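A.B. asks: Quick one: sequence and predicted model below, then my questions.
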Amino acid sequence: MSFKLTRRQVLAGSGAVLSAGLIRPVWAKTPSSRLPIPKLVDATDGNPVDLRIGEGQMAFLSGVSTRTLGISQNYLGPTIRTRKGTTLALHYQNTLSEGVAIHGHGLHVPGDVDGGPQSEIAPGAEWKPRLSIVQPAATCWYHSHTHGKSGEQVYRGLAGMTIIDDEESDGLELPNRYGVDDLPVIIQDRTFDTSGQFVYSLTEAPEDGWYGDTVLINGAINPYANVPAGKIRLRVLNGANARFYIVAFADGRSFFKIASDGGLLSAPVEMTEMEMSPGERCEIIVDLEDGKTAELLTLFEDDYDAEGIGGSLIQSLLGIGRPAPAPALTLKADPSLKAHTGPLPKSLVTIHRPGEGEIARTRDFILDMSHADDTSHTGHTSHTGHAMMDMTINGAAMNMDVINERVSRGVWERWRIRSNQGEHPFHVHGCSFLIDKISGAPPPPDQQGWKDTLVLDDDGWSEMIVRFDHLATEQFPYMYHCHILEHEDRGMMGQFTVS
Ligand code: C2O
Ligand code: CU
Ligand code: CU
């Protein structure tokens, strides 16, 4: 069993210099293709959005086509634009020969339209959920949540973005022209075999989950986008199965984070790099008024784990005078395009935190993975002899017949969560929550807004304050789980009702 020293522990420890050997190009290619912008489907008129789940083909690599899955596209799905106060009608059609459940990640909707594993759509069948959108503006997403197959189906392409607007966000001076100065940036990593096909195996996945060696942005390797020479909003989604990323710009320029998973922050937070866990969304504003090309880096967090990095990773990279790693996305300023140049609003939205007296109860969750070499305990071994690990929460692996927690609607609760081993992005359905503590410490300003993912480390309790306003029945319960999809598929998930 390998002990994984996490970046957070490293940051707290030594200030040793980053070793040059770590700077390996993530891609060998120069920017060759335009950033694909998933088709925008405006669903605010309440008409059903046709979402056809099917097989596809994509030329990710030159000269070969890769077999994929997609949702009304060859790979990934359209961006669905909806609005607070409207009904979002979805019309899924499953044309695959296997069942698929598609979950609306980040949506505050009842369990029967949440798209958990109980809502599996049989081969050839349809599913037409109608969702009342009652939550504030946010960047959410949808993806496969099929029992035991989420990792594989997301890897092959079953995911897409959902954008929620509201009056408050309309009233703020933020770039909002989709595909022009408001861009979806879906980060994923994939490994291709020698014939250009995706390589994936749940049973052979190492304990940290399935990592790919090639980064895709909206399904393209190292693309570029021509954007106005002004403020650009990036809706960054870490849509990877397992990998944590450090997102930064190659010249070390700062940017402003304006939104986390559940919506806008109270004020923009200036940053030069941000860590993103699987499932997490961050909206950022980067300024291209200087006319210079901005290269977005998506560094593999695990590459830097075991090294001593003092302070900022991007500053360390620049400070040792090495060329930065190849960009994941190149933003080229085009002065002929109409630019958003006004100042960024000083404040964004008001975030109401409940008082201590309003928190009615506390629940504890402990995430565990037994040792990889402890086969006597796990009982199962894959055909290659790799031990399958038991992935559990509070000692139990996901069982679709067991309701693990029963929650009352409309009541604030404190959830305390810890990991016994490793780093896990904990996600909860049907809500956004506020982080109260990360490993015992107060969250930094950019983590003080609404969230639905919380990164746990094996160094103490993290705490969130959460309330559920919608029903989830025993037939259609909500899930809480680790968003490393291989951990989820191996059982690091539980079910709860809201009544
Ligand atoms: Cu994005 Cu239950 O997941
Ligand atoms: Cu979710
Ligand atoms: Cu995990």
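C.D. replies: Sure, I can see it. Ligands and ions are numbered 1, 2, ... in the order given.

A.B. asks: dump the residue contacts of the residue of the stretch 151-300 of the chain found nearest ligand 2.
C.D. replies: Residue of the stretch 151-300 of the chain nearest ligand 2, by Cβ to the ion: Gly279 (7.3 Å). Using the backbone N, CA and C atoms, a C-beta is placed for each residue, glycine as well. Contacts here follow Cβ atoms under 8 Å, 6 or more residues apart in numbering; on that basis Gly279 touches 105, 238, 425, 427, 452-453, 483.

A.B. asks: Tell me how far it lies from ligand 1.
C.D. replies: Relative to ligand 1, Gly279 is positioned 5 Å away (criterion: Cβ to the nearest ligand atom, to the nearest Å).

A.B. asks: looking at this, that residue is in a helix?
C.D. replies: No. Counting by DSSP: H, G, I helix; E, B strand; the rest coil, Gly279 falls outside a helix, being coil.

A.B. asks: Could you report the distance from it to ligand 3?
C.D. replies: Look at Gly279 and ligand 3: by Cβ to the ion, to the nearest Å, they are 11 Å apart.

A.B. asks: pLDDT wise, what is that residue at?
C.D. replies: On the pLDDT scale, Gly279 is placed at 98.

A.B. asks: And for it, nearest residue in space, chain neighbours not counted?
C.D. replies: Spatial nearest neighbour of Gly279, excluding adjacent residues (Cβ to Cβ, 6 or more residues apart in numbering): His483 at 3.6 Å.

A.B. asks: burial measure for that neighbour, as a count.
C.D. replies: 28 (other Cβ atoms under 10 Å).

A.B. asks: wait, it sits on Asp261?
C.D. replies: No. Counting by Cβ atoms under 8 Å, His483 sits too far from Asp261 to count as a contact (10.8 Å).

A.B. asks: overlap in contacts of the two?
C.D. replies: Contacts common to His483 and Asp261, judged by Cβ under 8 Å, 6+ apart, are Thr453.

A.B. asks: hmm, back to that, mind checking pLDDT for the residue nearest to Gly279?
C.D. replies: Reported pLDDT for His483: 98.

A.B. asks: for it, what are its contacts?
C.D. replies: 277-279, 424-427, 453.

A.B. asks: Now which of those residues would you call buried?
C.D. replies: 277-279, 424-427, 453 (16 or more other Cβ atoms under 10 Å).

A.B. asks: Residue of the stretch 301-450 of the chain nearest ligand 3, please.
C.D. replies: For the stretch 301-450 of the chain, Cβ to the ion, closest residue to ligand 3: His424, 3.3 Å.

A.B. asks: And the stretch 201-350 of the chain, by the same measure?
C.D. replies: Gly209 (7.1 Å).

A.B. asks: How about the stretch 51-200 of the chain?
C.D. replies: Counting by Cβ to the ion, the stretch 51-200 of the chain gets nearest ligand 3 through Gly151, at 11.6 Å.

A.B. asks: if I read this right, that residue contacts Glu488, doesn't it?
C.D. replies: Yes. Taking contacts as Cβ under 8 Å, Gly151 lies within contact range of Glu488: 7.3 Å.

A.B. asks: that older thread, measure the residue of the stretch 151-300 of the chain closest to ligand 2 to Arg243 for me?
C.D. replies: 11 Å (Cβ to Cβ, to the nearest Å).

A.B. asks: Contact partners for Leu454?
C.D. replies: Leu454 neighbours (Cβ under 8 Å, 6+ apart): 417, 425-427, 433, 435, 438, 462, 464.

A.B. asks: what about 6 Å?
C.D. replies: Each residue near Leu454 by Cβ atoms under 6 Å, 6 or more residues apart in numbering is listed here: 426, 435, 462, 464.

A.B. asks: Tell me which of those fall in strands.
C.D. replies: Applying DSSP state E to those, the entries found in strands are 426, 435, 462, 464.

A.B. asks: Same list, those, but as JSON lines with distance to Glu295 please.
C.D. replies: Putting the ones in strands among the contacts of Leu454 into JSON lines (distance: Cβ to Cβ, whole Å) gives the following:
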{"residue": "Phe426", "distance to Glu295": "32"}
{"residue": "Ile435", "distance to Glu295": "30"}
{"residue": "Ser462", "distance to Glu295": "33"}
{"residue": "Met464", "distance to Glu295": "35"}
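
A.B. asks: Quick check: the farthest pair among those?
C.D. replies: Phe426 and Ile435 (10.5 Å; Cβ to Cβ).

A.B. asks: looking at this, Val154 is in a helix?
C.D. replies: Yes. Judged by three-state DSSP, Val154 forms part of a helix.

A.B. asks: Sketch out the low-pLDDT regions of the protein for me.
C.D. replies: 1-31, 305-311, 321-324, 371-389 (pLDDT under 70).

A.B. asks: so Gly151 is in which element?
C.D. replies: Assigned by DSSP states H and E, Gly151 belongs to helix 150-156.

A.B. asks: Tell me which residues are up against that helix.
C.D. replies: 68-69, 143-144, 146, 200, 202, 241, 485-486, 488-489.

A.B. asks: Dump the helix or strand following that helix to PDB, keeping only the CA atoms.
C.D. replies: Moving toward the C-terminus from helix 150-156, the next helix or strand (DSSP H and E) is strand 159-165. Output of strand 159-165 as PDB, limited to C-alpha atoms (Å, rounded to 0.1, in the frame of the first residue of the first chain):
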ATOM      1  CA  ALA A 159     -21.800  14.100 -19.100                       C
ATOM      2  CA  GLY A 160     -22.700  17.700 -19.900                       C
ATOM      3  CA  MET A 161     -23.100  21.100 -18.400                       C
ATOM      4  CA  THR A 162     -26.200  22.900 -17.000                       C
ATOM      5  CA  ILE A 163     -26.300  26.600 -16.500                       C
ATOM      6  CA  ILE A 164     -28.900  28.200 -14.200                       C
ATOM      7  CA  ASP A 165     -29.500  31.900 -14.500                       C
END
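
A.B. asks: Parallel or antiparallel, list what pairs with strand 159-165.
C.D. replies: Sheet pairing here is set by DSSP bridges, and for strand 159-165 it gives strand 79-83 (parallel), strand 138-144 (antiparallel).

A.B. asks: Out of these, which one sits most buried?
C.D. replies: strand 138-144 (a mean of 25; mean count of other Cβ atoms under 10 Å).

A.B. asks: Check whether that one comes near ligand 2.
C.D. replies: No. Using Cβ under 5 Å from the ion, strand 138-144 never reaches ligand 2; the gap is at least 8.3 Å.

A.B. asks: Outside of that strand itself, list whatever touches it.
C.D. replies: Contacts of strand 138-144 (Cβ under 6 Å, 6+ apart): 100, 102, 104-107, 150, 153-154, 158-164, 235, 237, 262-263, 281, 283.
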